[in-house]
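> This is a predicted model, with the sequence first.
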Amino acid sequence: QVQVVESGGGLVQAGGSLRLSCAASGRTFSIAYMGWFRQAPGQEREFVAAISRSGSSTYYANSVKGRFTISRDNAKNTMSLQMNSLKPEDTAVYYCAAAQRWSTDVTRRAEYDYWGQGTQVTVSS
């Protein structure tokens, strides 16, 4: 089993920055890749970004490309999401997720085995 816990959410003005963190524990050696998803009120949970086990491969949703940066520190079993130039439409609950098997489509929610409880990000205009 793997446990993941998010932190770092909050309230920020449009154009500002926030950094989310995700701490993994348990059988972390079994994690193939990790990702961030978000869910706004009344909307489906959507893919934001993902990163491979080594950190050499990263993937982003078009809506955040160029503004968000995903990274991981395997020594500390942590993953981060640096969010810059935030927009009101980025407001959502952000979830950390971990997958045990590599997938050709890291944007699919079903590919992830473990999920955190989420952290709220609110961007005011």
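Yep, it's here.

> who's in contact with the residue positioned nearest the centre of the chain?
Closest to where the C-alpha atoms of the chain average out (CA atoms, centre = their mean) is Trp36, at 2.0 Å. Going by CB atoms under 8 Å, 6 or more residues apart in numbering, Trp36 touches 20, 22, 48-50, 70, 79, 81, 94-97. In short, each C-beta sits where N, CA and C put it, glycine included.

> Which among the residues you listed count as buried?
20, 22, 48-50, 70, 79, 81, 94-97 (16 or more other CB atoms under 10 Å).

> picking that back up, save the contacts of Trp36 as CSV, and put in pLDDT too.
CSV is the format used below for the contacts of Trp36 (pLDDT from 0 to 100):
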residue, pLDDT
Leu20, 98
Cys22, 98
Val48, 98
Ala49, 98
Ala50, 98
Ile70, 98
Met79, 96
Leu81, 98
Tyr94, 98
Tyr95, 98
Cys96, 98
Ala97, 98
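
> what about stretch 100-114, how long is it end to end?
Using CA to CA, to the nearest Å, the end-to-end distance of stretch 100-114 comes to 9 Å.

> residues of that stretch that come out buried?
106-107, 111-112, 114.

> ok, back up a step: hey, what's the residue nearest to the centre of the chain bridged with?
Per DSSP bridges, the residues bridged to Trp36 are Ala49, Cys96.

> which among the buried ones among the contacts of Trp36 gets closest to Val121?
Tyr94 (5.5 Å; CB to CB).

> Please report phi then psi for that closest one.
phi -100, psi 130 (degrees, to the nearest 10).

> need the contact list for it.
Applying CB under 8 Å, 6+ apart, one finds that Tyr94 lies in contact with 6, 9, 20, 36-38, 48, 81, 118-121.

> pLDDT check: weakest of these?
Within those, pLDDT reaches its minimum at Gly9, with 94.

> Could you count how many residues lie near that one?
Number of residues near Gly9 (other CB atoms under 10 Å) recorded here: 18.

> Closest to Pro88 out of the contacts of Trp36?
So of these, ranked by how close each gets to Pro88 (CB to CB), first place is Tyr94, at 15.0 Å.
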